[in-house]
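J.: Model the following, please.
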Amino acid sequence: MEQKITVWYDVETPMRDGVVLRANVYGPADDRPYPAVLLRFPYLKDSFEYKWGRLNPLPLARAGYRVVVQDCRGTGASQGEMDFDGPCQARDGYDTVEWIAAQPWCDGGVGMYGLSYYGFTQLLTAEAQPPHLKAICPWQQTGLYKYSGGFTTGSLHLMWLLERARDRLYSPEAAWSEEQRETLRRTVEGYLGKFGQVVAYVPEGENPAAKIEGLPFLEDYLRRIREYDDPACPAREGRPIDFSKFQVPCFFLGGWYDDTSKNGPLENWIALGRTEAGRKLREKSRLLMGPWNHGEAMPDTVGWRSFGAQAGYPMGRSITEQLLRFFNWHLKGLDDGISQEPPVTLFFMGENRWEQAPAWPLPDTATKALYLSSSGRAATEPEDGRLLLQPETEPGQDTYISDPANPVPARAPGISSECQDQSPIEARADVAVYTSEPLTAPLAAAGPVKAVLYVSSSCPDTDFACKLTEVFPDGRSLNITDGAVRVSYGNTWERKLLTPGEIRPVEVLLGNTLNVFQPGSRIRLTVAGSMFPKFDRNHHLADRIGTSADMVPAEDTIHHGGAYLSRLELQVLERKS
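T.: Numbers count the residues shown, from 1 in each chain. Next up is the predicted model:
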């Protein structure tokens, strides 16, 4: 017989400063105490039912858990002012966990789950060490700082803030008159309806969409623009998370096509294991990476790639079953064999199958370098650029004009998908294309991808944005992973402008993947001066970023061959016969 459940709405939780946060609580329809599972987010608890996806609280409630879905401070039905930075969320998470544990409907054990921002609230809470927290499931999130190396948060962060502002305008806790609400609604909706104009506004630090009177938390975007190269900026956000303080096991989950947080679960797994205590904790933790994009759905098809129904069933179990097994193990003491399983579960794209492993990074991987080569026309003739197993002895170069007024788009025009045919973008004259010969055997790229480039520019600063794609025999060039480097910063916090004629080596970090390139396919690396709006545009000036509306084209050059070993580096899994 199926467990009957009940829902308590607007359950109030007092914080240490007197602010009241509100939650909806799902659980068995009786008075017995059960373990509790907490989800804290800024996305309106009362609309959560419309977007549950794999985070549906009902199966957890039917399995004997009290599921607490709470609006963060200053969002939804909760009191207070919005504060998305770490210290505030850590305090509120701690107070909420301890309050739940003291309730008669809780048996004293509390776990947490959720993804994206509500993965971040878990990491902060675990770092704060509330005594009754027993396990967390921070999915699709990183404990590291996301923006560095001279890149700003970009206007996509501003659009996210505007969406949170729109949500707050409908809250009964918001202190506006109805007339003020309506005025603010029209203003916010107006900016949200002008996505292209908002993200393209210059100077970035003067964007009027971040200066709406009555919505002071939008200042967060302007502050991040001002502080984009301040090494102290991450600490104000609460990053990097100090995993040495963790005392509870973690279930990290991510997607190879998560365009915002793909690397996060892998980074967290590695960071957790940097201490002896963390390595012991990792024995009770789990890492799971699927072929998904960002969000609750975790679909088996992402844009142009379909991975089969098994994509939603790691090792034959649904995502909900995986979550329940983890919580049952750590909140109820029920071990159905999970403790004896390898801790890492991975989806092999291309072969479309799941496999368990003892560690990440995977054992038995080796760096494979593919060297850039061309006759100097890689940006104008798609077949001119080549990826070779050995570097050319003679030097060569490819040059293109990077114009921030006409940036290379992150995605093909008119298509919204994390995976798509890149051919329309590759046909541009400001994109250099380098392609291998067709493969004669499968090649499994398993781990971080990097491009090492020797570059020069006509301007004091410029960007190089790279994409790794798989070119199928029918000509489709489907993106696998990508990244960019701002040359003046070179993945650091310190700016060093280019000088005319200087050839500088740079590393473009394209993130992690696990993709098996198939026989007949070709490996491709594209290089361009922008990937907008995923990365903010480089104005190619010596001015401080975000302060000027001026932009100039740059003549950018990739040097290869001879002494300039520009190359693509893959971590290739060596197959055992």
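
J.: residue ranges for the helices of the stretch 151-300 of the chain, please.
T.: Here the stretch 151-300 of the chain has its helices, by DSSP state H, counting those that start in this stretch, at 155-168, 178-192, 195-200, 219-226, 233-237, 264-272, 276-282.

J.: For the third one, which outside residues touch it?
T.: In other words, helix 195-200. With CB atoms under 8 Å, 6 or more residues apart in numbering as the test, helix 195-200 has contacts from 154, 155, 156, 158, 159, 162, 191, 207, 209, 532, 533. Yep, even glycine has a C-beta here, placed from its N, CA and C like the rest.

J.: From those, list the buried ones, please.
T.: Burial by neighbour count, judged by 16 or more other CB atoms under 10 Å, picks out 154, 155, 156, 158, 159, 162, 191, 207, 209, 532, 533 from the contacts of helix 195-200.

J.: give me every residue that touches the first one.
T.: This points to residue 154. 147, 199, 533, 534, 535, 536.

J.: and if you look at the second one?
T.: Under the criterion of CB under 8 Å, 6+ apart, the contact partners of residue 155 comprise 198, 199, 200, 201, 204, 207, 209, 221, 533, 536.

J.: Would you check how far apart it and residue 546 are?
T.: When distance is defined by CB to CB, to the nearest Å, residue 155 is 11 Å away from residue 546.

J.: which neighbours do those two share?
T.: residue 204.

J.: sorry, back to before: Serialize the helices of the stretch 151-300 of the chain to CSV and add fields for mean pLDDT and distance to residue 115.
T.: Below are the helices of the stretch 151-300 of the chain laid out as CSV (pLDDT from 0 to 100; distance: least, CB to CB, whole Å):
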stretch, mean pLDDT, distance to residue 115
helix 155-168, 90, 15
helix 178-192, 93, 23
helix 195-200, 92, 23
helix 219-226, 90, 21
helix 233-237, 87, 18
helix 264-272, 98, 10
helix 276-282, 97, 20
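
J.: Highest mean neighbour count out of those?
T.: Most buried of the helices of the stretch 151-300 of the chain by mean neighbour count (mean count of other CB atoms under 10 Å) is helix 264-272; its value is a mean of 22.

J.: is it true that residue 38 touches residue 68?
T.: Yes. With contact defined as CB atoms under 8 Å, residue 38 reaches residue 68; the gap is 4.7 Å.

J.: How is this protein partitioned into domains?
T.: 5-146+237-357, 155-227, 365-573 (automatic domain parsing).

J.: Next, format the buried ones among the contacts of helix 195-200 as CSV and append distance to residue 310.
T.: Below are the buried ones among the contacts of helix 195-200 laid out as CSV (distance: CB to CB, whole Å):
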residue, distance to residue 310
154, 35
155, 38
156, 32
158, 39
159, 35
162, 38
191, 42
207, 44
209, 43
532, 35
533, 34
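
J.: picking that back up, need the residues touching each of residue 38 and residue 68.
T.: 96, 100.

J.: follow-up on the earlier one: of the buried ones among the contacts of helix 195-200, closest to residue 562?
T.: residue 532 (32.5 Å; CB to CB).

J.: State the three-state secondary structure for the residue lying closest to the closest one once chain neighbours are set aside.
T.: Counting by CB to CB, 6 or more residues apart in numbering, residue 407 is the residue found nearest to residue 532 once chain neighbours are left out, at 3.8 Å. Under DSSP: H, G, I helix; E, B strand; the rest coil, residue 407 falls in the coil class.

J.: from now on call the first residue 28
T.: New numbering, starting at 28: the last item is residue 434.

J.: mind listing what residue 434 touches?
T.: 556, 557, 558, 559, 564.

J.: do the same with residue 587
T.: With CB under 8 Å, 6+ apart, residue 587 has these contacts: 398, 399, 400, 401, 418, 419, 422, 423, 424, 425, 481, 593.

J.: Could you work out the most separated pair of these?
T.: Pairwise over those, using CB to CB, the maximum falls at 418 and 425, 14.9 Å.

J.: Tell me how many other residues crowd the closest residue to residue 191 other than its chain neighbours.
T.: Once flanking residues are discounted, residue 191 sits nearest to residue 69: 5.7 Å by CB to CB, 6+ apart. The number of residues packed near residue 69 is 23, by other CB atoms under 10 Å.

J.: and what of residue 334?
T.: Neighbours around residue 334, by other CB under 10 Å: 23.

J.: cool, and residue 385?
T.: 9.

J.: what pLDDT does the nearest residue in space to it that is not next to it in sequence get?
T.: In this structure, residue 385 finds its nearest non-sequential neighbour in residue 369, 5.2 Å apart by CB to CB, 6+ apart. If you check residue 369, the pLDDT there is 98.

J.: residues making contact with the lowest-mean-pLDDT helix or strand in the chain?
T.: Lowest mean confidence among the helices and strands of the chain (mean pLDDT, DSSP states H and E): helix 260-264, at a mean of 87. Identification of contacts with helix 260-264 by CB under 8 Å, 6+ apart yields 112, 113, 172, 175, 251, 254, 267.

J.: Is there a quick PyMOL command that grabs whichever of the residues you listed are buried?
T.: Buried subset of those, written as a PyMOL selection, criterion 16+ other CB under 10 Å:
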select buried, resi 113+175+251+254
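
J.: Show only the entries of the contacts of helix 260-264 found in strands.
T.: The members of those all map outside strands under DSSP state E.

J.: Quick check: phi and psi on the residue nearest to residue 559?
T.: phi -70, psi 150 (degrees, to the nearest 10).

J.: Include distance to residue 100 when you put the contacts of residue 181 into CSV, please.
T.: Output for the contacts of residue 181, formatted as CSV (distance: CB to CB, whole Å):
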residue, distance to residue 100
174, 23
226, 28
560, 29
561, 29
562, 31
563, 29
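
J.: quick one: which of these is nearest residue 33?
T.: Closest to residue 33, out of all of the contacts of residue 181 and judged by CB to CB, is residue 174, at 42.8 Å.

J.: No more questions from me, cheers.
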